[in-house]
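>>> Got a predicted structure here, sequence first:
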Amino acid sequence: AQSVTQPDIHITVSEGASLELRCNYSYGATPYLFWYVQSPGQGLQLLLKYFSGDTLVQGIKGFEAEFKRSQSSFNLRKPSVHWSDAAEYFCAVGAMGYQKVTFGIGTKLQVIP
Amino acid sequence: ETGVTQSPTHLIKTRGQQVTLRCSSQSGHNTVSWYQQALGQGPQFIFQYYREEENGRGNFPPRFSGLQFPNYSSELNVNALELDDSALYLCASSPGTQTGELFFGEGSRLTVL
């Protein structure tokens, strides 16, 4: 069975500081990995995805994530956080031919001036 | 290009009632998935519809049912509402069943009293 662990429920960073959100997944085969962002009262927007190939993937809004198979991790990073990045971030895992995408519990990001 | 739209945005029901939520998929997308997001949780997969048939189901009871129409729009029906059904219901469309990449609507917030 697929599962996703986001160990940090809430993170606070200063504007301009770097950010890393952690994600660990459990899946027997080669996973498809995603990061989504959800602003208050809104749906989820895809930030980036990993299907295969280069393990460092670039996404929208200056985000990137690195797939590390040996650690079963797919951490999200941003070198300099902006106040508009305050939102909730969800890591998710899926697979080719598999209908279900499994989401983590989410990490709420607070950005302070 | 029109994105995923859901209706209604908010609704309040009482325990035991029935509810129907509606979703129009993004242009060109033939697959619709429904997710339930309880407060403080990540989205949970309810089911997926492809070619007007259910194409995968999560761990939800049969009182959760759905439909997909020839224009790829979809409905989620929940019978015999329970208090725990209070949640944000998210519809997501995708261009096929294979990629796992989901495009979400803004959701329907259901409150059961």
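Good, I have the coordinates. Quick caveat, the model's predicted, so the values are computed rather than measured.
>>> ok, what's across the strand from the nearest residue to residue A:62 once chain neighbours are set aside?
Take residue A:62 and drop its neighbours on the chain: the residue closest to it by Cβ to Cβ, 6 or more residues apart in numbering or on different chains is residue A:78, 5.6 Å away. Bear in mind the C-beta positions are built from the backbone N, C-alpha and C, glycine included. When assigned by DSSP bridges, residue A:78 has beta-bridge partners residue A:19.
>>> okay, now residue A:78: neighbour count?
Residue A:78 has 21 neighbours, counted by other Cβ atoms under 10 Å in any protein chain shown.
>>> Residue A:66 reaches residue A:75, doesn't it?
Yes: under the criterion of Cβ atoms under 8 Å, residue A:66 makes contact with residue A:75 at 6.2 Å.
>>> Give the residue spans of chain B that score low on pLDDT.
Counting by pLDDT under 70, chain B shows low-confidence ranges at B:1, B:98-100.
>>> Show me what from it comes close to chain A.
Counting by Cβ under 8 Å from any Cβ of the partner chain, chain B comes close to chain A at B:4, B:33, B:35, B:40-45, B:48, B:55-56, B:58, B:90, B:92, B:97-107.
>>> what about burial for these, which qualify?
Buried by 16 or more other Cβ atoms under 10 Å in any protein chain shown: B:4, B:33, B:35, B:42-45, B:48, B:55, B:58, B:90, B:92, B:97, B:100-107, out of the residues of chain B next to chain A.
>>> what's near enough to touch residue 33?
By default, I'm working from chain A. Residues in contact with residue A:33 (Cβ atoms under 8 Å, 6 or more residues apart in numbering or on different chains) are A:23, A:25, A:49, A:50, A:65, A:67, A:74, A:91, A:92, A:93.
>>> hm, I was asking about chain B
A:99, A:101, B:45, B:46, B:47, B:48, B:49, B:91, B:92, B:93, B:94, B:102.
>>> do residue B:17 as well
Neighbouring residues of residue B:17 by Cβ under 8 Å, 6+ apart: B:81, B:112.
>>> could you say which helix or strand contains the residue nearest the centre of chain B?
By Cα atoms, centre = their mean, the mean C-alpha position of chain B lies nearest to residue B:34, the distance being 3.2 Å. Take DSSP states H and E as the rule and residue B:34 turns out to sit in strand B:31-37.
>>> C-alpha coordinates for that strand, CSV please?
Extracted C-alpha coordinates of strand B:31-37, given in CSV (Å, rounded to 0.1, in the frame of the first residue of the first chain):
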residue,chain,number,x,y,z
THR,B,31,-11.1,11.4,-16.2
VAL,B,32,-12.5,12.7,-12.9
SER,B,33,-11.5,11.8,-9.4
TRP,B,34,-13.1,12.7,-6.2
TYR,B,35,-11.3,13.3,-2.9
GLN,B,36,-12.5,14.1,0.6
GLN,B,37,-10.4,16.4,2.7
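>>> neighbouring strands for that strand, and are they parallel or not?
strand B:44-50 (antiparallel), strand B:87-94 (antiparallel).
>>> who touches the longest one?
Spelled out, that is strand B:87-94. Defining contact as Cβ under 8 Å, 6+ apart, one finds that strand B:87-94 is touched by A:43-44, B:4, B:6, B:21, B:23, B:25-26, B:29, B:31-39, B:43, B:72, B:74, B:76, B:100-105, B:107-110.
>>> quick check, distance from that strand to the centre of its chain.
Distance, stretch centre to chain centre, for strand B:87-94: 5 Å (Cα atoms, centre = their mean, to the nearest Å).
>>> List of residues touching the next helix or strand after it?
The C-terminal neighbour of strand B:87-94 among helices and strands, as given by DSSP H and E, is strand B:103-104. With contact meaning Cβ under 8 Å, 6+ apart, strand B:103-104 is reached by A:36, A:43-46, B:3-4, B:26, B:29, B:90-94.
>>> That concludes my questions; thank you for your assistance.
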